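Q: Take this sequence and fold it.
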Amino acid sequence: MSREEDVYMPALLGKNIPIVTTDEKWKLLFGEEGVSDELQALADELNKLVDEQTRFKQKIKDIKRLKKTLLDEVIGISDRLNKGDKSAGKELDDRKRLIGDCNAQIEELEDRLLGLPREIYQLNYKVMVASMSVCYERLHRNTDEINEIDEWLSNTRKELKKQVIRLQEGEMENFNLYSYMHDIFGPEVIDIFDMEYDPERNHRIRTPGSGSIQT
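A: Purely as a prediction, here's the structure:
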């Protein structure tokens with residue numbers, strides 16, 4: 001018995017486990033990777049057993065319906081026989097033979113049905129555990145990736161905040177320097193230097209907090 005069976009079988013004993021492969025969402029559990037060949041083989045075998053069970057049950061119903069019709073006919077034929085209709089004897093024998101055939105077929109089908117529920121339960125359990133194992137592996141893999149991305153985003157936010165502060169400090173320093181230069185040297189002198197360094201073109205100087213351009 002595998003580790004999964006050791007762990008889960010006692011807990012699931014007696015529980016009503018739905019046939020997992022009959023749910024259209026089952027294959028969605030496996031995403032783009034799809035169902036493995038090994039698991040698909042189990043699923044195919046499970047579906048085959050479920051189909052057999054359904055088919056056998058339907059055949060038993062059909063045969064029982066036929067048997068009831070034959071029994072009803074036996075009553076009518078027996079009445080004719082009691083009234084002296086000699087031809088009814090052969091018909092009665094035919095009906096009894098057919099009823100015997102029905103009983104034999106029903107018994108055979110019920111015998112074949114007898115072990116199917118257990119086979120279906122065990123195979124369905126294997127498919128379920130294998131499916132859960134794949135899902136848990138994907139969940140853990142995705143969780144590790146999510147945590148890694150979350151950590152990266154957290155570090156990036158911190159670094160981004162630092163860079164934003166440096167950006168704002170640089171803009172503030174440029175703003176102050178440009179203002180002081182205008183005040184100290186005058187606009188005519190500054191215009192000469194503007195030919196070499198144009199803060200409007202090279203480094204747009206924004207007023208603190210407003211985002212507007214200082215001209």
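
Q: Quick check: which ranges of the protein have low pLDDT?
A: The chain contains residues with pLDDT under 70 at 1-14, 193-215.

Q: hmm, try it at 50
A: By pLDDT under 50, the low-scoring segments of the chain are 1, 195, 207-208, 211-215.

Q: Spatially central residue in it, please.
A: Residue closest to the mean C-alpha point of the chain, counted by CA atoms, centre = their mean, is residue 29 at 2.7 Å.

Q: since we're on the closest residue to that residue other than its chain neighbours, how many residues are nearby?
A: Closest residue to residue 29 apart from its sequence neighbours, by CB to CB, 6 or more residues apart in numbering: residue 135 at 5.5 Å. Every residue, glycine included, has its C-beta placed from N, CA and C. When neighbours are counted by other CB atoms under 10 Å, residue 135 registers 13.

Q: Residue 135 contacts residue 28, correct?
A: No: using CB atoms under 8 Å as the test, residue 135 is too far from residue 28 to be in contact (10.7 Å).

Q: Could you export stretch 94-104 as PDB, CA atoms only?
A: Taking Å, rounded to 0.1, in the frame of the first residue of the first chain, the C-alpha atoms of stretch 94-104 are listed here in PDB:
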ATOM      1  CA  ASP A  94     -42.400 -21.600 -24.900                       C
ATOM      2  CA  ARG A  95     -43.200 -18.900 -22.400                       C
ATOM      3  CA  LYS A  96     -41.900 -20.900 -19.500                       C
ATOM      4  CA  ARG A  97     -38.700 -21.600 -21.400                       C
ATOM      5  CA  LEU A  98     -38.300 -17.900 -22.200                       C
ATOM      6  CA  ILE A  99     -39.000 -17.000 -18.500                       C
ATOM      7  CA  GLY A 100     -36.300 -19.500 -17.600                       C
ATOM      8  CA  ASP A 101     -33.900 -17.800 -20.000                       C
ATOM      9  CA  CYS A 102     -34.700 -14.400 -18.500                       C
ATOM     10  CA  ASN A 103     -34.000 -15.700 -15.000                       C
ATOM     11  CA  ALA A 104     -30.700 -17.200 -16.100                       C
END
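
Q: which of the residues in it are buried?
A: For stretch 94-104, burial by neighbour count (16 or more other CB atoms under 10 Å) applies to 95, 98, 99, 102.

Q: so which of those comes closest to residue 71?
A: Closest approach to residue 71 among the buried residues of stretch 94-104 (CB to CB): residue 99, at 6.7 Å.

Q: isn't the closest one right up against residue 74?
A: Yes: here residue 99 reaches residue 74: they are 7.4 Å apart, a contact under CB under 8 Å.

Q: Give the next helix or strand downstream of the longest helix belonging to the chain.
A: Longest helix in the chain, counting residues (DSSP state H): helix 116-185. Per DSSP states H and E, the first helix or strand lying C-terminal to helix 116-185 is helix 187-194.

Q: Check which helices and strands that following helix sits against.
A: helix 116-185 (3 or more CB pairs under 8 Å, 6 or more residues apart in numbering; DSSP states H and E).
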